[in-house]
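Peer 1: Any chance you could fold what I've pasted below:
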Amino acid sequence: MVETAVDEGVSHRSGLSDVRTASSPRLLQEVELTDIARYSTGSEEFDRVLGGGIIPGSLFLVGGDPGIGKSTLLLQTAERVALSGGTVLYVTGEESPQQVKLRAERLTSHGTSLYVLAETDLAQVEKHVQGLKPIFLIIDSIQTMFRSDLPSAPGSPQQVRECTLTLLRMAKDLPVATCIVGHVTKDGAIAGPRLMEHMVDAVLYFEGDRHHRFRVLRAVKNRFGSTNEIGIFDMQANGLMDVVSPSELFLSERSIGAVGSAVVASMEGTRPMLAEVQALVTPTAFGTPRRMASGVDYNRVTLLMAVLEKRVGMYLQGQDAYVNVAGGMKVEEPAIDLGIAMAIVSSFRDRAIQPGVVFVGEVGLTGEVRAVMRMEDRVREAQKLGFSRVVVPIKNVEGKSSRHFDNIKVIGIGSLQDAIHVVLGE
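Peer 2: Sure, this is the predicted structure:
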């Protein structure tokens, strides 16, 4: 429960209704469209997630675990935008200007029009924005900002909601592209009222494992682009670097001929990616077998094991199972079901999958392998990395059991039994 003071004389939203002129209904067919002029962040991966670059007047939210690299990513982006000639204002409520300078020293480029402001009073921030008129504004973080006309403390739901609304008005009226950094809860969701995510134009999550080099920037909401795109970065000593070929990077340490290892082809937006799925199946020492999944959905793994037991006849009730996507990558697409199932079969039978094979397909409860989209892009990615065969749903090869695509063989299968017969010879 949050106490809210109501002033009947003056609205506490700092003249929101006074700035904007009254509008009237218009026919949709009479509304004129104008080309949206985007400008680059200086990073192809960041531009990909945003839908092609930053749009003036947009407001987007970036969240992530503490220490994952949010401030490094945005400071690096601010320096690149400033280096291209635009004025950028970096507002920090958690660090001093000296701390920001120390982080900037690690980065390779330094913009000449990048300003740093250590301030938590949003009214003061607004005055500086109106004076500098930057093209890009970064607020790090929204939980430290406050409005003096509100009685609640910074970080409270009321302060976060009203500060976001003020930034939204400022972004649209000036206009200035604004990026808000948001803290996350222990469950991984952005802290604060859910209304904040509804107000902004895009919500981005910066993910990754501290024990791995790679970071993933994922969009869960984007009014100006696709929500299926991801950007992959490599955390190095001098900042975050774009990963141009993620498939090659994730498969670079793969052991050829290892038991329980399968390569899957997943689509992340418009980008095909190959990843290694590893499975370890061992007899359990407890009454209830243990199941663990890292990088894939735990419930999906248990479902696939139930299908293997019921439809294929594999006795997995007394087996512990551990499934992992190598490299710290998280894959949620159902098209990797076939690869997960084959990795489990390989580990349970203690037989390695034949080298040079990539798996694509969604597995149903009856053991059938269902068709997936964008098959040609997946096959081209596998061909580029030197794989010789791709096992796919039979519906994706138009009823033919197999056909060749420029030095790579595409094999169509209809069920898990067919896949085991093709790959393991059983």
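Peer 1: Quick one: neighbours of the nearest residue to residue 370 once chain neighbours are set aside, just the number.
Peer 2: Of all residues not flanking residue 370 in the chain, residue 362 sits nearest, at 4.4 Å (Cβ to Cβ, 6 or more residues apart in numbering). To be clear about C-beta, it is placed using only N, CA and C from the backbone, and glycine gets the same treatment. Residue 362 has 16 neighbouring residues, counting by other Cβ atoms under 10 Å.
Peer 1: repeat for residue 333
Peer 2: Counted with other Cβ under 10 Å, residues neighbouring residue 333 total 18.
Peer 1: mind checking how far it is from residue 295?
Peer 2: Using Cβ to Cβ, to the nearest Å, residue 333 is found at 12 Å from residue 295.
Peer 1: go on, residue 115?
Peer 2: Distance of residue 115 to residue 295, given as Cβ to Cβ: 40 Å.
Peer 1: Same check on residue 250?
Peer 2: Look at residue 250 and residue 295: by Cβ to Cβ, they are 11 Å apart.
Peer 1: between those two, what contacts are shared?
Peer 2: Counting by Cβ atoms under 8 Å, 6 or more residues apart in numbering, the shared contacts of residue 250 and residue 295 are residue 329.
Peer 1: So those two - more neighbours on which side?
Peer 2: More crowded of residue 250 and residue 295, by other Cβ under 10 Å: residue 250, with 22 against 19.
Peer 1: doesn't residue 276 make contact with the more buried one?
Peer 2: Yes: taking Cβ atoms under 8 Å as the definition, residue 250 is a contact partner of residue 276 at 6.7 Å.
Peer 1: Which neighbours do the two have in common?
Peer 2: By Cβ under 8 Å, 6+ apart, the residues touching both residue 250 and residue 276 are 326, 327.
Peer 1: which secondary structure elements does the longest helix along the chain contact?
Peer 2: Scanning the chain for the helix with the most residues, using DSSP state H, yields helix 157-173. When contacts are defined as 3 or more Cβ pairs under 8 Å, 6 or more residues apart in numbering; DSSP states H and E, helix 157-173 packs onto helix 16-19, strand 59-64, helix 122-132, strand 177-182, helix 195-199.
Peer 1: what pLDDT does residue 6 get?
Peer 2: On pLDDT, residue 6 comes in at 66.
Peer 1: Hmm, I typed the wrong one, I wanted residue 230.
Peer 2: Looking at residue 230, its pLDDT reads 87.
Peer 1: Am I right that it is in contact with residue 220?
Peer 2: No: using Cβ under 8 Å as the test, residue 230 is too far from residue 220 to be in contact (10.8 Å).
Peer 1: So which of the two has more stuff around it?
Peer 2: Of the pair residue 230 and residue 220, residue 230 is the one with more neighbours under other Cβ under 10 Å, namely 21 against 13.
Peer 1: what sits opposite the more buried one in the beta ladder?
Peer 2: Assessed by DSSP bridges, residue 230 has beta-bridge partners residue 218.
Peer 1: Now do the contacts for it.
Peer 2: By Cβ under 8 Å, 6+ apart, the residues touching residue 230 are 48, 49, 216, 217, 218, 219, 268, 269, 271.
Peer 1: Okay, it and residue 59: tell me how far apart.
Peer 2: Going from residue 230 to residue 59 by Cβ to Cβ gives 21 Å.
Peer 1: ok so, going back, ranking the helices and strands packed on helix 157-173 by burial, who's on top?
Peer 2: For these, the largest average neighbour count (mean count of other Cβ atoms under 10 Å) is found in strand 177-182, namely a mean of 27.
Peer 1: Any chance you could list what contacts that one?
Peer 2: 54-63, 70-71, 74, 135-143, 164, 167, 170-171, 190-192, 196, 200.
Peer 1: Now restrict those to buried residues only.
Peer 2: Neighbour counting with 16 or more other Cβ atoms under 10 Å marks 54-55, 57-63, 70-71, 74, 135-143, 164, 167, 170-171, 190-192, 196, 200 as buried within the contacts of strand 177-182.
Peer 1: okay, which residue is most central for the chain?
Peer 2: The chain has residue 218 as the residue nearest its centroid, 1.7 Å off, counting by Cα atoms, centre = their mean.
Peer 1: ok, it to residue 188 distance?
Peer 2: For residue 218, the distance to residue 188 - Cβ to Cβ - is 12 Å.
Peer 1: in the top strand by length along the chain, what's buried?
Peer 2: Once the chain is assigned using DSSP state E, the strand that runs over the most residues is strand 271-283. By neighbour count with 16+ other Cβ under 10 Å, strand 271-283 contains the buried residues 271, 272, 273, 274, 275, 276, 277, 278, 279, 280, 281.
Peer 1: Of all pairs in the residues you listed, which one is the farthest apart?
Peer 2: The largest separation in the buried residues of strand 271-283, counting by Cβ to Cβ, is between 271 and 281 at 31.3 Å.
Peer 1: count of neighbours near residue 112?
Peer 2: Neighbourhood size, residue 112 [other Cβ under 10 Å]: 9.
Peer 1: likewise residue 288?
Peer 2: By the criterion of other Cβ under 10 Å, residue 288 has 8 neighbours.
Peer 1: and what of the one 4 residues further on?
Peer 2: Each residue near residue 292 was counted by other Cβ under 10 Å, and the total is 12.
Peer 1: what's it in contact with, if anything?
Peer 2: 298, 321, 322, 323.
Peer 1: go on, residue 122?
Peer 2: Residues counted as contacts of residue 122 (Cβ under 8 Å, 6+ apart) are 145, 146, 147, 163, 166, 167.
Peer 1: Please tabulate the residues you listed in CSV, including the columns distance to residue 414 and pLDDT.
Peer 2: Below are the contacts of residue 122 laid out as CSV (distance: Cβ to Cβ, whole Å; pLDDT from 0 to 100):
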residue, distance to residue 414, pLDDT
145, 57, 94
146, 61, 94
147, 62, 93
163, 56, 94
166, 58, 94
167, 54, 95
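Peer 1: ok, and for the next helix or strand after the longest strand of the chain, which residues are buried?
Peer 2: Sequence-wise, the next helix or strand downstream of strand 271-283 (DSSP states H and E) is strand 291-294. Judged by neighbour count using 16+ other Cβ under 10 Å, the buried positions of strand 291-294 are 291, 293.
Peer 1: And the contacts of the next helix or strand after strand 291-294?
Peer 2: The first helix or strand that comes after strand 291-294 along the chain, using DSSP H and E, is helix 298-307. Under the criterion Cβ under 8 Å, 6+ apart, residues 291-293, 316, 321, 323, 334, 337, 340-341, 344, 363-365, 367, 416 lie in contact with helix 298-307.
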